[in-house]
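S.K.: Pasting the sequence and the predicted coordinates here, then a few questions.
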Amino acid sequence: MTNSDYKIIVGLEIHVQMATRTKMFCGCELVFAAEPNSRVCPVCLGLPGALPVMNRQAVEFAILTATALNCKVAEFTKWDRKSYYYPDLPKNYQISQYDLPIGSNGYIEIPVGDGVTKKIRICRVHLEEDAGKNIHTAGSFSQVDLNRAGTPLLEIVTEPDINSAEEVRLLAMELQRIVRFLGVSEADMQKGHMRFEPNVNLHIKKDGSKHETPIAEIKNLNSFKALEKSVGFEVRSQLDNFIERGEVMQSGNKKTFGWDDVKEVTVLQRGKEEAHDYRYFPDPDLVPVVVDEKWLGEIKGGLCELPLKMQGRFVSQYGLSDYDASVLTTDRATSEYFDSAVKAGGDAKRVCNLITQTGLKTANEKGCGVAQLGIEPKRLAELAKMTDASQISATAAVTIFVKMMESKEQPGEIAEKLNLLQKSDAGELEKIVDEVITANPQAVEDAKSGDKKSKKAHGFLMGQIMQKTKGTANPQVVAKILGTKLKA
Amino acid sequence: MSKEILKLSCRDLQAKIAKGEVKSGDAVSAVFGRIEKYDGQIGAFLSAFKQDALKRAEEIDEKIAKGQSVGALAGVPIAVKDNMCTTFGATSCASKILENFHSPYNATVIEKLLAADAVIIGKTNLDEFAMGSSTENSGLKKTVNPWDKDRVPGGSSGGSAAAVAAQMCFASLGSDTGGSIRQPASFCGVAGLKPTYGRVSRYGLVAYGSSLDQIGPLTKDTADCALLLNVIAGHDEKDSTSVDEKTAPLCDFLSGVGKEVKNLKIAVVPQLFDGADSEIVAGVKSAIEIYKKLGAEIVEIEMPHFEYAIAAYYLIATAEASSNLARYDGVHYGHRTKNAGDYIEVYAKSRAEVLGTEVKRRIMLGTYVLSSGYYDAYYLKALKVRNLIRSDFTAAFGKADCIMMPTSPTTAFKIGEKTADPLQMYLSDVYTIAVNLAGVPAISIPCGFDNKNLPIGLQIISPAFGEEKLLRIAGMFESQTDFHKKKPEL
């Protein structure tokens, strides 16, 4: 069976933890990896008599995200109870949104390479509270940690518009970039801030008719790698099952799988999806949310230029490669830092190189962002200008960049102090070239010979000149002078 | 001395305590004298805190002796229904599943009582999780009616009503989801006020039907209801359904009681009198006559959707209850089965072992109501009926200041009389339930006795947030009668 005989169909459900200070319906602060059950109160413990109070910030974050995902924002929305029994769910219902999600009918554009994008429709975006965690390490009994219970989660559901495992990953990464740009989530995968549940099946053409494989839902994936690999695995597995056993979808036989990160296989959790009846009904403890124009306007004021658009602009306006533009737009601070430095007069490619080659490496070592290294965009632009004007070499620029992090001095001052300014004075350099030519007649002869020794000899002469100037000579100027002299 | 103290209203007692004429400690001793002597027969209390109450009374007496200012309920012994969370004693909801549950926090009303320097002396019995009309559904204790110990005190706030009637406290708090303050008040011959939904914070009230539940006072008379409402009313940021004070401004509810309402228009619904015992009808009609003599105009109205209230109520309240009670699962707190093989059995057996029949019945009803495929036919339809009932009330209040009707179709019935037939029991709330569906306030005050010397209750219903006028209207009746002054012989 060839690729053209089947189509991969994937819809994705994503849970994104909102970066609010406190939980969705109580005042407990969100803290990662705190002592179990230390960040809890009567509300998130679901104690008798406790009542939820909506976190307005979480709603604003949700609306902002829905807007960025081109959704229609509900003017009127409400909270519903979703009932199911599980030990990590202290009320045995989750406060969520059922028929009136905060956002609906949107789309996300994802970069599929070389500046090409694809639109994936977003079905709905809604807010809900997270559950706690069941812990099964104590032996004969399980324990429950409710620190996470009540954490605001944004659930984003796409339409089944995704057609490859790679696209699933690209969507997830694009979404991460968006929520980070908006500042609504740290989207830290290690901390479980983003969790994915792809629904996968295949549409297969065989013998003139179309077949659909059973839908597999893969639960609780929390890395891009696991997401892409699990979808890839499921595609192969469904194809095999179809070819070997002719397995196709029957009504309602959606299967639920887990992902084994070590063996890299999906593991069946529930064979036949039980008919879940969550008994949704409006939570009588909470009042409906009315999003009026004024409030919506205030929230939309927090919207920024989104990463993909910015990436495109860096290519079209600044002439960067799509790759460089994507690296710069990984996070908002870096992209804005870059943009400011370019607007301050730095050449885009030069600024980009300084950031991507020196800045990101240094920032990584320091565990911060490039923008936090202590070099203002204006000084970075100065540094780029000096490099461009051949006042300093590319190597010297790196040295100066590092020094600039520790001082407030201008790159020119640092270059001067460290004697890194390039000599471009043709008269002065000509003298040195003459000296070297006189001192190395054999090399000059070889260089002039035009045979295979010539290149090596030429390099030797350049090296001698640079050595004499302690590396401060502008290599372009030297090369030009030397070239002229050798032709003579 | 203690006999004299026991006769006092809350406001008179508070005034005397504040002036130093009566010691709070003596008032507390007086009620504990009654509790120790009579609660063995009455069974109003699930817990009582004598030592703590005496200590607190002493502190308040000291404050007064030092000339410090004290709160509106300074030194007054108050009982609260055991479905309000307190950091002292258990909060059991009269359920074995929470029998040993101790709340780490106080309900907002408890905080308000304490801030007003009240002395909380104990927690009173109720139908398990406030589900019932006779307190017979208590999983922990039997409470009887102080007027006739073979009869029920009403419910679900039966303990709170019996405690006030038997002078085992000066006032109590109850909760009312479908009549649970007014009906026991009526059965026990005391005043009971269900405030407007949203007037009093529900934070810390263990939820039964969240969109219907409301806390209110049970007292010796209307003015004491006003005094307690002054203390417990107000917006609470912890309860999203409590109404902000811009929408519903607070006022001094007490100061108006005693002033008559001029040009009072009373609506009556003749069709509704058909369902009540003749003595009840006679009692309520003679009460209305008294208002007539005071110059009130009577307007006969129809409330065409009133008769659907019970049906709608038992869909909405049970739906909410099935969800509200899901948390009592044996996992986090409360009773846990010792015979579970897996976690599903922890749920099933913990609940099956200790929840009472009526609670199970309502959980099952509510679960069914919310199930997919039935939601529209039951829950959604009930919400529509609820809106129609609201509009009945709105229409009525366009014609009159208040509506008067019986609180209950009968006086207190015999223990065991209706336990075999849940529907008969549900029908005893026929006059009270619509009020909760509409969210409006209503009061029950004593307006007579039947031939068995059992109290009859007059229910007065007013527009939302109209408590000030409602209390004045009730006060007008009390100024002309002394039914509220009669006490049962124990």
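M.R.: That came through fine.
S.K.: neighbours around B:Ser428, how many?
M.R.: 22 (other CB atoms under 10 Å in any protein chain shown). (Each C-beta comes from the backbone N, C-alpha and C, glycine too.)
S.K.: can you pull the contacts of the closest residue in space to it that isn't next to it in sequence?
M.R.: In space, B:Ser428 comes closest to B:Ser133 once its chain neighbours are excluded; the distance is 4.7 Å by CB to CB, 6 or more residues apart in numbering or on different chains. Counting by CB atoms under 8 Å, 6 or more residues apart in numbering or on different chains, B:Ser133 touches B:127, B:154-156, B:179-180, B:183, B:418, B:425-426, B:428-429.
S.K.: Phi and psi next, for B:Ser133.
M.R.: phi -130, psi 20 (degrees, to the nearest 10).
S.K.: Which pLDDT value belongs to it?
M.R.: B:Ser133 is assigned 97 on the pLDDT scale.
S.K.: do the one 4 residues further on as well
M.R.: Taken from the predicted model, the pLDDT recorded for B:Asn137 is 98.
S.K.: tell me which element it falls in.
M.R.: Following DSSP states H and E, there is no helix or strand that holds B:Asn137.
S.K.: Correct me if wrong: it contacts B:Val152.
M.R.: No - in this structure B:Asn137 lies outside contact range of B:Val152 using CB atoms under 8 Å: 10.5 Å.
S.K.: Among these two, which residue is more densely surrounded?
M.R.: Using other CB under 10 Å, the more surrounded residue of B:Asn137 and B:Val152 is B:Val152, with 30 against 25.
S.K.: what's the burial count for B:Leu114?
M.R.: Going by other CB under 10 Å, the residues that sit close to B:Leu114 add up to 17.
S.K.: from what I can see it touches B:Ile120, true?
M.R.: Yes - with contact defined as CB under 8 Å, B:Leu114 and B:Ile120 form a contacting pair (7.3 Å).
S.K.: quick one: low-confidence ranges for chain A?
M.R.: A:1-4, A:252-253, A:271-275, A:488 (pLDDT under 70).
S.K.: centroid residue for it?
M.R.: A:Arg177 (4.0 Å; CA atoms, centre = their mean).
S.K.: Now do the strands in chain B.
M.R.: B:45-48, B:77-81, B:119-124, B:171-176, B:191-194, B:214-219, B:265-268, B:297-300, B:402-406, B:442-449, B:455-461 (DSSP state E).
S.K.: ranking those by burial, who's on top?
M.R.: Comparing the strands of chain B by mean neighbour count (mean count of other CB atoms under 10 Å in any protein chain shown), strand B:191-194 comes out on top with a mean of 33.
S.K.: what residues does that one touch?
M.R.: B:157, B:161, B:174, B:176, B:179, B:181-182, B:184-186, B:214, B:216-222, B:224-225, B:229, B:432, B:435-436, B:441-446, B:467, B:470-471, B:474, B:484.
S.K.: Same check on stretch B:21-40?
M.R.: By CB under 8 Å, 6+ apart, the residues outside stretch B:21-40 that reach it are B:1-3, B:5-6, B:8, B:13, B:16-17, B:45, B:48, B:50, B:53-54, B:57-58, B:60-61, B:74-77, B:119, B:121-122, B:146, B:166-170, B:490.
S.K.: Run a quick neighbour tally on the closest residue to the residue nearest to the centre of chain A other than its chain neighbours.
M.R.: Distance criterion CB to CB, 6+ apart; nearest residue to A:Arg177, sequence neighbours excluded, is A:Pro307 at 4.4 Å. Residues lying near A:Pro307 (other CB under 10 Å) number 25.
S.K.: Next: A:Thr484.
M.R.: 11.
S.K.: beta partners for A:Lys82?
M.R.: A:Gln94 (DSSP bridges).
S.K.: check contacts around it.
M.R.: A:93-96, A:98, A:128, A:278-280.
S.K.: closest to A:Val370 among those residues?
M.R.: A:Val370 has its nearest neighbour among the contacts of A:Lys82 in A:Glu128, at 35.0 Å by CB to CB.
S.K.: The closest one: which element?
M.R.: Secondary structure (DSSP H and E) places A:Glu128 in strand A:116-129.
S.K.: so does the next helix or strand after that strand get close to chain B?
M.R.: Downstream of strand A:116-129, the next assigned helix or strand under DSSP H and E is strand A:133-135. No - Strand A:133-135 lies out of reach of chain B by CB under 8 Å from any CB of the partner chain, never closer than 9.1 Å.
S.K.: what residues does strand A:133-135 touch?
M.R.: By CB under 8 Å, 6+ apart, strand A:133-135 touches A:36, A:86-88, A:142-145, A:147-148.
S.K.: which among those gets closest to B:Ile403?
M.R.: A:Tyr86 (46.4 Å).
S.K.: What residues does the stretch 201-350 of chain A have near chain B?
M.R.: Going by CB under 8 Å from any CB, the residues of the stretch 201-350 of chain A near chain B are A:277, A:279-281, A:284-287.
S.K.: Give me the subset of the residues you listed lying in strands.
M.R.: A:Phe281.
S.K.: Drop anything exposed from the residues of the stretch 201-350 of chain A next to chain B.
M.R.: The neighbour-count test (16 or more other CB atoms under 10 Å in any protein chain shown) marks A:279-281, A:284-286 as buried among these.
S.K.: So the residue nearest to A:Cys26 when sequence neighbours are not counted versus A:Thr20, what's the distance?
M.R.: Nearest non-adjacent residue to A:Cys26, counting by CB to CB, 6+ apart: A:Val43, 3.6 Å away. Here the criterion is CB to CB, to the nearest Å. By it, A:Val43 lies 15 Å from A:Thr20.
S.K.: Those two - which one has more neighbours?
M.R.: A:Val43 (24 against 20).
S.K.: residue contacts, the more buried one?
M.R.: Listed by CB under 8 Å, 6+ apart, the contact set of A:Val43 reads A:25-26, A:28, A:50-53, A:150.
S.K.: most neighbours, which of those?
M.R.: That'd be A:Gly150 among the contacts of A:Val43, by other CB under 10 Å, with 31 neighbours.
S.K.: quick one: it from A:Gly183, how far?
M.R.: Where A:Gly183 is concerned, A:Gly150 sits at a distance of 21 Å (CB to CB).
S.K.: For the stretch 151-300 of chain B, which residues are neighbours of chain A?
M.R.: B:202-207, B:209-211, B:237-241.
S.K.: which one of those sits closest to A:Thr213?
M.R.: Among these, and counting by CB to CB, the member closest to A:Thr213 is B:Ser210, at 44.6 Å.
S.K.: which parts of stretch A:399-413 are buried?
M.R.: Neighbour-count burial for stretch A:399-413 [16+ other CB under 10 Å]: A:399-401, A:403-404, A:410-412.
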